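>>> I would like to see how this sequence folds:
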Amino acid sequence: MNILIMGGTQFLGRAIVTAALASGHSVSLFHRGKTNPDLFPEAEHLIGDRKDTNLDALKGREFDAIIDVSAYVPRAVKELLETVKTNHYTLISTISVYKRNDLIGQNESAELIHLDDPTVEEVTGETYGGLKVLCEEMAEQMMPGKTLHSRSGLIIGAHDHTDRFSYWPVRVARGGEMLAPVDRHQPLQVIDARDEAEWIIRSVEANLTGVFNIAGSISGTLGHALEVSQAVSGSDTTITYVPYDFLQTHEVQPWQDLPLWVPQEGDRLGFHFFSIEKALQHGLTLRPLADSVEQILEWWPTQERELKIGISAEKEQKVLAAWHAR
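Just a heads-up that it's a prediction; the model follows:
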């Protein structure tokens, strides 16, 4: 197949290109030429910026399929599908399209977010999910019955520029005494980028259409992730689990200081419990968490930067000292 990938040089997009090439497809990448521009020399690189409606490199082109990693506003979907001819369009969407996070096991039929102002194009924490809903609707309007929507959950693996999950195995591997929230059994629903990417390519090959939640197993926990990280890294790290009230008192922030940790209460009760049954029935496979952790720990030493998220070593030690001195 001749596949156009919108984006393709960062994290999930990178994994999708890798999977497409491994399956023998001809791949064209449309990107700005700014992020990892030297990746995939065997692919065709088309340079432009859809934010500025610069799609000149795509005019007059036709592809068997398009996989769109970088559409965040419905206008971008409309302009792309007006410019390029294709028989199948895949939109990388998100589980953030759902209106509620307090329900366990929501499937693809759950209620969606609807923005008060559908013309807004500023992508923020408040508009992101609603804009993706509009992107899905625009895709169906432009190509009815020929679209595949991959509603991604929390994606993990090497090349993750957010460091949301990577913080944990990297911190465990560093050793010493480590701070963690006491609710070690908190659910943690994550999916390896390679699993989503490979499912997308298989689905495109099968001409699959419809809406699918693409997330991990609902049986995962933060404590399990830390145990796996210890086993894979061989670290002798001592993990000290501290109650939420104490962490609050010492200004340790959920998600920012301790990534992916969100107290499971109120409107967050179902955050790590989205149903993936439909995707499993259509070929989604999930690799063991240890495989993901191993890949992250092989990749991280190649990075010449600090983690973008997570508690600083200095603050962590201060909180631990206060905990032991209580």
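>>> any idea how far Ala76 is from the residue lying closest to Leu81 once chain neighbours are set aside?
Spatial nearest neighbour of Leu81, chain neighbours left out: Met142 (4.2 Å); criterion: C-beta to C-beta, 6 or more residues apart in numbering. For the C-beta atoms, the positions are set from N, CA and C on the backbone; glycine is no exception. Met142 sits 12 Å away from Ala76, going by C-beta to C-beta, to the nearest Å.
>>> Between these two, which has more neighbouring residues?
Counted by other C-beta atoms under 10 Å, Met142 and Ala76 do not tie: Ala76 has more neighbours, with 21 against 16.
>>> got the domain boundaries for the chain?
2-152, 167-189+218-268+288-324 (automatic domain parsing).
>>> same question for the shortest one, mean pLDDT?
The pLDDT scores in domain 167-189+218-268+288-324 average 93.
>>> The residue nearest the centre of the chain: what secondary structure?
In the chain, the centroid-proximal residue (C-alpha atoms, centre = their mean) is Ile155; its distance is 3.4 Å. Ile155 carries the three-state label strand when classified by DSSP: H, G, I helix; E, B strand; the rest coil.
>>> Not counting residues beside it along the chain, what's closest to it?
The nearest residue in space to Ile155 (C-beta to C-beta, 6+ apart) is Ala193, at 5.1 Å.
>>> Over to Glu294?
Closest to Glu294 by C-beta to C-beta, 6+ apart is Val232, at 5.2 Å.
>>> Quick check: the one you found touching Ala290?
Yes: contact criterion C-beta atoms under 8 Å: Val232 and Ala290 qualify, at 5.5 Å.
>>> Give me the more crowded residue out of these two.
Val232 (21 against 12).
>>> just checking, that one is part of a strand?
No: under three-state DSSP, Val232 sits outside any strand and is assigned helix.
>>> now it: how far from Ala313?
21 Å.
>>> can you check Val262 too?
In this view, Val262 and Ala313 are 23 Å apart by C-beta to C-beta.
>>> neighbour count winner among the two?
Per other C-beta under 10 Å, whichever of Val262 and Ala313 has more neighbours is Val262, with 18 against 11.
>>> quick one: contacts for the more buried one?
186, 254-255, 268, 271 (C-beta atoms under 8 Å, 6 or more residues apart in numbering).
>>> In the protein, which helix is the longest?
Determined from DSSP state H, the single longest helix within the chain is helix 128-142.
>>> so what does whichever helix or strand comes after it touch, helix or strand wise?
Using DSSP states H and E, the helix or strand that follows helix 128-142 in sequence is strand 147-152. Using 3 or more C-beta pairs under 8 Å, 6 or more residues apart in numbering; DSSP states H and E, the elements in contact with strand 147-152 are strand 89-94, helix 128-142, helix 193-205, strand 210-214.
>>> for the protein, what spans make up the strands?
2-6, 26-31, 44-47, 62-63, 65-68, 85-86, 89-94, 147-152, 154-156, 177-181, 190-192, 210-214, 238-242 (DSSP state E).
>>> Would you mind saying which of those strands lies nearest Gly125?
strand 89-94 (12.1 Å; C-beta to C-beta).
>>> Partner strands of that closest one, with direction?
Note on strand 89-94: by DSSP bridges, its sheet partners are strand 65-68 (parallel), strand 147-152 (parallel).
>>> Let's have those strands in a markdown table, adding mean neighbour count and mean pLDDT.
Listed next are the strands paired with strand 89-94 as a markdown table, based on neighbours: other C-beta atoms under 10 Å; pLDDT from 0 to 100:
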| stretch | mean neighbour count | mean pLDDT |
| --- | --- | --- |
| strand 65-68 | 26 | 98 |
| strand 147-152 | 23 | 98 |
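>>> right, so of the ones you listed, which gets closest to Gly8?
Nearest to Gly8 among the strands paired with strand 89-94 is strand 65-68; the distance by C-beta to C-beta comes to 8.2 Å.
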